[in-house]
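Participant: Sequence and predicted structure, then a few things I'm wondering about:
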Amino acid sequence: KAGVTQTPRYLIKTRGQQVTLSCSPISGHRSVSWYQQTPGQGLQFLFEYFSETQRNKGNFPGRFSGRQFSNSRSEMNVSTLELGDSALYLCASSLGTGSGVQAFFGQGTRLTVV
Amino acid sequence: AQSVSQHNHHVILSEAASLELGCNYSYGGTVNLFWYVQYPGQHLQLLLKYFSGDPLVKGIKGFEAEFIKSKFSFNLRKPSVQWSDTAEYFCAVNAGYSSASKIIFGSGTRLSIRP
């Protein structure tokens, strides 16, 4: 069974640009969530999608947005990039709701903003 | 709101030493607890998890953790570490009612093992 796949693996963007990251969950998983990992702030929850609907959102500005498609694939978009957005962005998928369900993480997309 | 505290930012041990990494969480209800490991250059992997039942859980690579509800703690242990255990370790919590994918992580503990 293929794991969680994130593309691209590495990305360099300029301040002010926008970026779209992609995540393909494990087959059959309907929940996808996104995390930002930085040395200073650690791993922070961005948002979660289930059946194409955003169900939870972390404390990030509106420049961070996402969506989920009918095949459960998800994209994350960051507009008007800032230097502080440089981070490893991780995607996790799980079967869905409820206690006792495990999330599986992808390898991440390393975004560098210059 | 849920939060997770990891007491040690960086732990340095010699091979064969015993390991205990502290983790405390704040949440009054039912929780699911996890320890994740991130080896250099690799993705986040689940070491072990506690959902319910026996509070002493065993994970991969000889790691175990004990859930002590009265202390809101979920400390990670390993009797004898190896050089290959060098990695960053994250304690995490997920409230029992919420989606499996909304996980709150601790700040991480970097473990360095001297050969």
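Facilitator: Alright, I've got the coordinates. Numbers count the residues shown, from 1 in each chain, chains lettered A, B, ... in the order given.

Participant: Quick one: low-confidence residue ranges for chain B.
Facilitator: B:96-101 (pLDDT under 70).

Participant: what kind of secondary structure is the spatially most central residue of chain B in?
Facilitator: Centroid-nearest residue in chain B: B:Trp35, 3.2 Å away (criterion: C-alpha atoms, centre = their mean). Under the three-state scheme (DSSP: H, G, I helix; E, B strand; the rest coil), B:Trp35 adopts strand.

Participant: wait, what's in contact with the closest residue in space to it that isn't next to it in sequence?
Facilitator: Distance criterion C-beta to C-beta, 6 or more residues apart in numbering or on different chains; nearest residue to B:Trp35, sequence neighbours excluded, is B:Leu47 at 4.3 Å. In short, each C-beta sits where N, CA and C put it, glycine included. By C-beta atoms under 8 Å, 6 or more residues apart in numbering or on different chains, B:Leu47 lies in contact with B:Phe34, B:Trp35, B:Tyr36, B:Val37, B:Gly59, B:Ile60, B:Lys61, B:Phe63, B:Leu76, B:Tyr89.

Participant: Of those, which is the nearest to A:Gly28?
Facilitator: Nearest to A:Gly28 among the contacts of B:Leu47, counting by C-beta to C-beta, is B:Phe34 at 21.1 Å.

Participant: Looks like that closest one contacts B:Phe51 (just checking).
Facilitator: No. Here B:Phe34 does not reach B:Phe51: they are 9.6 Å apart, not a contact under C-beta atoms under 8 Å.

Participant: one step back: what helix or strand does the residue nearest to B:Trp35 sit in?
Facilitator: strand B:45-50 (DSSP states H and E).

Participant: Pull out the buried residues from that strand.
Facilitator: Neighbour counts using 16 or more other C-beta atoms under 10 Å in any protein chain shown place B:Leu46, B:Leu47, B:Leu48, B:Lys49, B:Tyr50 of strand B:45-50 among the buried residues.

Participant: Equivalent analysis for stretch B:84-99, please.
Facilitator: By neighbour count with 16+ other C-beta under 10 Å, stretch B:84-99 contains the buried residues B:85-95, B:98-99.

Participant: Stretch A:15-29 now?
Facilitator: Within stretch A:15-29, the residues scored as buried using 16+ other C-beta under 10 Å are A:Val19, A:Leu21, A:Cys23, A:Ser24, A:Pro25, A:Ile26, A:His29.

Participant: quick check, nearest of those to B:Ala17?
Facilitator: For B:Ala17, the nearest member of the buried residues of stretch A:15-29 is A:Ile26. The distance, counting by C-beta to C-beta, is 36.4 Å.

Participant: give me the beta-bridge partners of the residue nearest the centre of chain A?
Facilitator: In chain A, the centroid-proximal residue (C-alpha atoms, centre = their mean) is A:Trp34; its distance is 3.1 Å. Residues in a beta bridge with A:Trp34, per DSSP bridges, are A:Phe47, A:Cys91.

Participant: residues contacting it?
Facilitator: A:Trp34 makes contact with A:Cys23, A:Phe45, A:Leu46, A:Phe47, A:Glu48, A:Gly66, A:Ser74, A:Met76, A:Tyr89, A:Leu90, A:Cys91, A:Ala92, according to C-beta under 8 Å, 6+ apart.
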